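Chemist: The following block contains a protein sequence and its predicted model.
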Amino acid sequence: MQIEDKHVEFIENSLKFHGIKSEALKEDLVDHICTYIESQDSNDFNRLYQEALQKFGGYSSFQNLQLETNFQKFAKQARVINNLLFMVGLAMVMLLVIGSLFKIMHWPYSSALLIVAIVLFAFGVIPLIFYSKYKKSNHKFS
């Protein structure tokens, strides 16, 4: 069967109606459904569409794919936030130790190093910790 633009639009609207929000996932599903329909010999679009849905697990399977996509996106963001938190925390600790050493040895710039470490903690580490906790709690509800 030859797929027409109205059929593709119908499939896209149907997937959107059933909770598929990710554009990449929606495009992939439309592509797979259209490929299945085009590979069949029948000209009854509705029957072929229902067969394609059953073959791919139905709308509940698509919703599970959407949830998995959301989880993978969240996991990637969490890794980036954790890596950034580690780097900023490491820089803060290094500045704090070096500043303390400079202070003990009465070398110049010790106060500047300690102030930079404290500012980095106040405006780098603490906001990242709260943002990370916010994203984790926000993800639990979605």
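Modeler: Alright, I've got the coordinates.
Chemist: Quick one: name whatever helix or strand follows the helix or strand harbouring L101.
Modeler: Using DSSP states H and E, L101 sits within helix 58-104. Downstream of helix 58-104, the first helix or strand assigned by DSSP H and E is helix 110-120.
Chemist: Specify the residue ranges that define each domain of the chain.
Modeler: 5-56, 73-141 (automatic domain parsing).
Chemist: burial count for G99?
Modeler: 21 (other C-beta atoms under 10 Å). Yep, even glycine has a C-beta here, placed from its N, CA and C like the rest.
Chemist: which regions of this structure lie under the pLDDT threshold?
Modeler: 140-142 (pLDDT under 70).
Chemist: do you know how far V88 is from N13?
Modeler: 45 Å (C-beta to C-beta, to the nearest Å).
Chemist: And the two? Which one has more around it.
Modeler: For the pair V88 and N13, the greater number of neighbours falls to V88 (17 against 10), based on other C-beta under 10 Å.
Chemist: give the contact list for K55.
Modeler: Going by C-beta atoms under 8 Å, 6 or more residues apart in numbering, K55 touches Y36.
Chemist: starting at the chain centroid, how far to the helix holding L101?
Modeler: In terms of C-alpha atoms, centre = their mean, to the nearest Å, the centre of helix 58-104 is set 12 Å apart from its chain centre.
Chemist: what angle separates that helix from helix 110-120?
Modeler: Taking axes from the mean of the first three to the mean of the last three C-alpha atoms, to 10 degrees, one finds helix 58-104 and helix 110-120 inclined to each other by 160 degrees.
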